[in-house]
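**Q** below are the sequence and a predicted model; questions follow.
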2 protein chains.
Amino acid sequence: MNKNFEFFMPVKIYFEAGASKKAGQYIKGKKVLIISDPFLYHSGIAGQIGESMRGKEVVYFSDVEPNPSCESVDQAALLAREMQADCIVGLGGGSALDISKMVSCLTTNEGSIYDYYVGGSRSLSNRSTTLICIPTTAGTGSEVTNVGVFTNKKAGIKMPMVSNEFWPDYAIIDSVLTYTLPQVMTATTGMDAFCHAIEAYWNKNSQPMCDMLAMGAMKQILSNIESAYREPSDKEARSAMVCASLIAGIAFSQTRTTGIHALSFPLTAEFGASHGTACAITLPAFIKISSQQAGEKMITLIRYLGFETVEEFADAVEQLMQSMKMPTRLREIGVKESDIEHIAEVGLNAAIIQLTPAVMNKETVSSLLKSIL
Amino acid sequence: MNKNFEFFMPVKIYFEAGASKKAGQYIKGKKVLIISDPFLYHSGIAGQIGESMRGKEVVYFSDVEPNPSCESVDQAALLAREMQADCIVGLGGGSALDISKMVSCLTTNEGSIYDYYVGGSRSLSNRSTTLICIPTTAGTGSEVTNVGVFTNKKAGIKMPMVSNEFWPDYAIIDSVLTYTLPQVMTATTGMDAFCHAIEAYWNKNSQPMCDMLAMGAMKQILSNIESAYREPSDKEARSAMVCASLIAGIAFSQTRTTGIHALSFPLTAEFGASHGTACAITLPAFIKISSQQAGEKMITLIRYLGFETVEEFADAVEQLMQSMKMPTRLREIGVKESDIEHIAEVGLNAAIIQLTPAVMNKETVSSLLKSIL
């Protein structure tokens, strides 16, 4: 308990079924850019939120792709500058929210994302545009973090970027938006939220407040993810899942993530796995090695979650994933034995991997990956 | 899990043994007013913190009394205005922190606290003075709330005041400052923190995030308060206690408190009990009636804390208080049977009493008070 820590959560959080239709009341200016993926735009969901903003001029950018590219960011930023947006609304999963963060900065910061992102020489200064994030999955947590993950397609690199300017002004959590999530998305994004929670908990930056939040979020996910998966219209389970995702997001916003997320970057960028799949696939293996340096904490956790041993917990998580038809072996997402060394190398480039409570080097990471090949 | 909630915690929190000596780095201007009680001033603790602020002009106000009066606030505000303070540092228990909140506002808001407090006609507008709160007890939680409690001595009324301007800019949690807390303060302020946690948990405004924080804080207090009481230099226990107090503060900052705090106001204002004593004395009785409307939640809580029944939990809390020589009967603090109706009436004037998970009216409150006479 003696560890030093900081806690900083400047995001105003509103949690209410239907709250996305009230977003307009938090916007001071007139001109709003809503950033979403094509599905949310064409299904009319983005439009309904835009129409609820009485008296605002709303423009839509709907070219958000999974694992968003720097090019998409620059394209949306061009639009935001042209229209002189007062507010950027990110609506969607992590991709839309992450783009909205950078776009809200680029309305008042010159140049391209490449000027600020990995290898860029400029740093973002004060953002004056209001930023509202509205998640439509129960998984990203991006609505309460200062992190954006962007993909440099030319270089084939997916890396996170951290900025104090990325904290949204408002996070609006509306479980109604998740009622229509397809099963595969419910499973993968829900397990992503679980990874956020456990990675905050066993993190070398862990701290008591986030431990409490993370434990509660894990319990809530384990109690609700299958109901949300099997009965997509189970409002109670959907509400619990968006709530758990939010709370897991707050937890890891303070600690950052660990090896699971570090290894997910090459698995999505190079093998096309969804972010949630790429994270969850290594989760059981990471649980098994977490006792190396977080033994006592893992005992506290598994008792709280109702398990006897770390192995039993890891197996239960794996079975849960299988029951939701998620891959649990790297071969299932196209990884070959000859890829393993490269995946380990790329994962080891992400600094967060050293926040894992186990020795992380080329040997140990390769061995972990081989164990789930 | 379907309840609506908001979460707003704009305070930047720094938790580190020794952190109070780093407060200067968060201050932009030159002129600092440190507000503390006479003990912290004369013992040199306030001075050490002031001296650590290199290059600042530090002035001290040390006339903070327990249950601070509006007159003290106005007196400190006069000083802050005269010196044109850039930053107000509140150092102490709840009294010093609460005064510092109002003083930081009055440096840029005209008039007296009476113009803004209960019955006043003005409302506080933007505060430009930096506000830093440094608790020296493990109990107040005031460092992370937007509440100040002030006493109108003329009218004999102690009431809380809520303002968005009261959120500190920084909360600096330094367990070292609590190493010299006398036993009676360790006990009473620690039990005050416990009340914050449980009142957040069973509150009608309760919400999942604060539930998790409150449960964790209660567990941490029960595991550490006796060690901190018996062995004042137990650094581990002291650190756990300031941490639990902080977390309990965050929890109740979102929900507010309930009947325990409502009834504490007349017990301190009219019977001179310390705030912690006045709160804790009704705690076991409130635990017993909490199952009226929070039955299921109380079961979850007592299982988590390692008890079988609510009665067993209430008895254990009472025994804990007795083991730390705290009064557990109203007679011990000078209350007579003929006072009970009046105490109930005054308590019922505080709106928060209706956030208790039980019917709260003149009859039920009087009956609760009689049960612990």
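**A** Yes, it's here.
**Q** contacts and neighbour counts: CA atoms only from here.
**A** Fine.
**Q** ok and the residue in the stretch 251-373 of chain A nearest chain B?
**A** Proximity of the stretch 251-373 of chain A to chain B (C-alpha to the nearest C-alpha) peaks at A:Tyr304, 8.4 Å away.
**Q** mind checking how far that residue is from B:Gln207?
**A** Between A:Tyr304 and B:Gln207 the computed distance is 20 Å (C-alpha to C-alpha, to the nearest Å).
**Q** who has more neighbours, those two?
**A** Regarding A:Tyr304 and B:Gln207, a neighbour count based on other C-alpha atoms under 10 Å in any protein chain shown identifies B:Gln207 as having more, with 24 against 15.
**Q** might one say that that one is in contact with B:Phe7?
**A** No: under the criterion of C-alpha atoms under 8 Å, B:Gln207 lies out of contact with B:Phe7, with a separation of 9.2 Å.
**Q** which stretch of helix or strand covers the closest residue to A:Ala278 other than its chain neighbours?
**A** Leaving out its chain neighbours, the residue that sits closest to A:Ala278 by C-alpha to C-alpha, 6 or more residues apart in numbering or on different chains is A:Ser264, at 4.7 Å. Applying DSSP states H and E as the criterion places A:Ser264 in helix A:259-271.
**Q** go on, A:Gln319?
**A** Here A:Gln319 sits within helix A:310-323, counting by DSSP H and E.
**Q** buried set for that helix?
**A** When neighbours are counted by 16 or more other C-alpha atoms under 10 Å in any protein chain shown, the buried residues of helix A:310-323 are found to be A:310-311, A:313-315, A:317-318, A:320-321.
**Q** quick check: which helices or strands does that helix pack against?
**A** Contacting helix A:310-323 under the criterion 3 or more C-alpha pairs under 8 Å, 6 or more residues apart in numbering or on different chains; DSSP states H and E are the following elements: helix A:283-305.
**Q** which strands or helices does the helix-or-strand element of chain A with minimal mean pLDDT pack on?
**A** Of all regular secondary-structure elements in chain A, judged by mean pLDDT, DSSP states H and E, the least confident is strand A:157-162 with a mean of 85. Taking 3+ C-alpha pairs under 8 Å, 6+ apart as the contact definition, the neighbouring helices and strands of strand A:157-162 are strand A:147-152, helix A:259-271.
**Q** mean confidence score for the last one?
**A** It refers to helix A:259-271. Confidence over helix A:259-271 (mean pLDDT, whole number) is 95.
**Q** show me where the stretch 51-200 of chain A has helices.
**A** Along the stretch 51-200 of chain A, the stretches classed as helices by DSSP state H, counting those that start in this stretch are A:70-83, A:94-106, A:183-201.
**Q** so for A:Glu296, which of those sits nearest?
**A** Closest approach to A:Glu296 among the helices of the stretch 51-200 of chain A (C-alpha to C-alpha): helix A:183-201, 12.0 Å.
**Q** show me what the helix or strand that the helix holding A:Ser264 is followed by is packed up against.
**A** Sequence-wise, the next helix or strand downstream of helix A:259-271 (DSSP H and E) is helix A:275-280. For helix A:275-280, the contact count by 3+ C-alpha pairs under 8 Å, 6+ apart identifies helix A:183-201, helix A:259-271 as packing neighbours.
**Q** buried residues in the first one, which are they?
**A** Which is helix A:183-201. A:183, A:185-201.
**Q** go on, the shortest one?
**A** For helix A:259-271, burial by neighbour count (16+ other C-alpha under 10 Å) applies to A:259-269.
**Q** out of those, what pair is the most spread apart?
**A** Of all pairs drawn from the buried residues of helix A:259-271, the widest gap by C-alpha to C-alpha lies between A:Gly259 and A:Ala269 and measures 16.0 Å.
**Q** CA atoms of the least confident helix or strand of chain A as CSV?
**A** Extracted C-alpha coordinates of strand A:157-162, given in CSV (Å, rounded to 0.1, in the frame of the first residue of the first chain):
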residue,chain,number,x,y,z
ILE,A,157,3.1,0.0,-37.5
LYS,A,158,0.3,0.3,-35.0
MET,A,159,1.3,2.2,-31.9
PRO,A,160,-0.4,4.1,-29.1
MET,A,161,0.1,7.8,-28.7
VAL,A,162,-0.4,9.5,-25.3
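**Q** strands paired with that strand, and their directions?
**A** Sheet partners assigned to strand A:157-162 using DSSP bridges are listed as strand A:147-152 (antiparallel).
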